[in-house]
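> With the sequence up front, the predicted model follows.
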Amino acid sequence: MGGKMDESVSCSWSEPLPSVSFHKDVDTARTHAETVAASRSRSGSTAAVLLNQLTTVTAPWVAVKVQPQQHIHHFVLLSNARTVEVHVGDAVICTYEGIVSTGGWFLHDAKCNASAGQTLKFKFFARKERSTIDVAVVCLVRDVVERTPSSENNHSNDAPQALESRLGQLEAQIHVSMNAIMRRLSNVEDRLAALEGRGSAPSPG
């Protein structure tokens, strides 16, 4: 089961804070997101926030600071934004295109890699209503890193953890790049097919 996170959560519109839940595995996170989407769709309720002119200049965001002994490796979120940028600390930005889910929400379901002390931030672009932000739920999947007596005074594992975090971020970036390449190839194939269709069409007699 998922639970309310004890991580420090903040957002660019101050309040109300979006619903952020905490899960042990990806399947549970996905199930929770689907349940929230279905419930919101049935009830017709909304948590949409009207953004003022100053806040619409930049994309609205939700940030979660990862607490000690925590490691977040996956996220599932539902919002009214088609495109979401994911920031992990000061690392490379990854951009994800959502798919339409129950109730017309955009679903974003992807890996991430945020360790204790880092801030995981989501920025929301291409919203259905540019003047509003509506985040139905943010589901984060975490591992708990057990602390041993020796680890409190020994930071020899910092380098491997930093490398693992960087590799995870590169993997996510490659995934996004491959998706973009596949979309472009598909567009090229469609255009070639259209041109071939025109070329094979019989000329007017």
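It's in.
> where along the chain do the strands fall?
3-4, 8-11, 20-23, 49-50, 61-65, 70-79, 81-88, 94-97, 99-100, 106-115, 119-127, 132-133, 135-144 (DSSP state E).
> among the ones you listed, which gets the worst mean confidence?
Mean pLDDT values for the strands of the chain show the minimum at strand 3-4, a mean of 48.
> Find the centremost residue of the protein, please.
Central residue of the chain (CA atoms, centre = their mean): His108, 5.2 Å from the mean position.
> Please look at it and Phe75 and confirm they touch.
Yes. Using CB atoms under 8 Å, His108 is in contact with Phe75, at 7.1 Å. Bear in mind the C-beta positions are built from the backbone N, C-alpha and C, glycine included.
> follow-up on the earlier one: in TSV, list the strands of the chain along with distance to Asp190.
Formatted as TSV, these follow (distance: least, CB to CB, whole Å):
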stretch	distance to Asp190
strand 3-4	45
strand 8-11	39
strand 20-23	39
strand 49-50	38
strand 61-65	35
strand 70-79	29
strand 81-88	21
strand 94-97	18
strand 99-100	20
strand 106-115	24
strand 119-127	22
strand 132-133	33
strand 135-144	33
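> Among those strands, single out whichever gets nearest to Arg183.
strand 94-97 (8.6 Å; CB to CB).
> what's the closest one packed up against?
With contacts taken as 3 or more CB pairs under 8 Å, 6 or more residues apart in numbering; DSSP states H and E, strand 94-97 sits against strand 81-88, strand 106-115, helix 158-200.
> ok, of those, where does mean pLDDT dip lowest?
The minimum mean pLDDT among those belongs to helix 158-200 (a mean of 70).
> how near is Glu15 to Val145?
According to CB to CB, to the nearest Å, Glu15 and Val145 sit 31 Å apart.
> ok, these two, which is more surrounded?
The neighbour comparison of Glu15 against Val145 (other CB atoms under 10 Å) goes to Val145, with 15 against 6.
> ok, the more buried one - contacts?
69-71, 116 (CB atoms under 8 Å, 6 or more residues apart in numbering).
> hmm, back to that, what pairs with the residue nearest to the centre of the chain across the strands?
Counting by DSSP bridges, His108 is bridged to Leu77.
> show me what contacts it?
Shown in contact with His108 (CB under 8 Å, 6+ apart): 75-79, 84, 96, 98.
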